[in-house]
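Q: Can you look at this prediction? I've put the sequence above it.
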Amino acid sequence: METRLITAEELLALLQSAKGNHCRDASNRPLVTLLDLRTENHLPPEPGASTSITHIKTSCPRIFSLLDQLQLSEIRKKIPKTGLVVTVTETGNRDQFAIQYLSKHGYGNIKGLMFGMRGWIKENHPIETASPQMKP
């Protein structure tokens, strides 16, 4: 299966157009959801290190998961099968694994962010910082 990718420019345009609808269609289903698979979201901060993580600035829904957690049905149930789901990794090199795995579970609406979060930042697209999404 070929990995489908979306450029940072294409994603920015989608997020901006969906923003006016609060990222929902007329039936209140998400138009765009970000599936953030970066490990950094789940690591406890190192002593003396910054406790914030850079994210794509958006009002669209975000799901934070580790790549391995996609095996868990309770994680997959959070991922919508309608609208576009965009995987976000650090450099874009792990998106193919997530897309292939989720495709086997009936998801046909997934694209990977080309060059990942680093590509997004390099293009100077809107970012925000937040605390890690650690699980107990």
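A: Everything's here; your move.
Q: what's downstream of the helix ranked longest in the chain, the next helix or strand?
A: In the chain, ranked by residue count with DSSP state H as the criterion, the top helix is helix 8-19. Using DSSP states H and E, the helix or strand that follows helix 8-19 in sequence is strand 32-36.
Q: Quick check: buried residues in the longest helix of the chain?
A: Under the neighbour-count criterion of 16 or more other C-beta atoms under 10 Å, helix 8-19 has 8, 11-12, 14-15, 18 buried. In short, each C-beta sits where N, CA and C put it, glycine included.
Q: What are the boundaries of the strands in this structure?
A: Here the chain has its strands, by DSSP state E, at 5-6, 32-36, 53-56, 62-64, 84-88, 110-113, 127-130.
Q: how about a markdown table for those, with mean pLDDT, distance to Leu102 and mean neighbour count added?
A: Below are the strands of the chain laid out as a markdown table (pLDDT from 0 to 100; distance: least, C-beta to C-beta, whole Å; neighbours: other C-beta atoms under 10 Å):
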| stretch | mean pLDDT | distance to Leu102 | mean neighbour count |
| --- | --- | --- | --- |
| strand 5-6 | 96 | 15 | 18 |
| strand 32-36 | 96 | 9 | 23 |
| strand 53-56 | 89 | 19 | 20 |
| strand 62-64 | 94 | 12 | 18 |
| strand 84-88 | 97 | 8 | 24 |
| strand 110-113 | 97 | 6 | 23 |
| strand 127-130 | 87 | 24 | 12 |
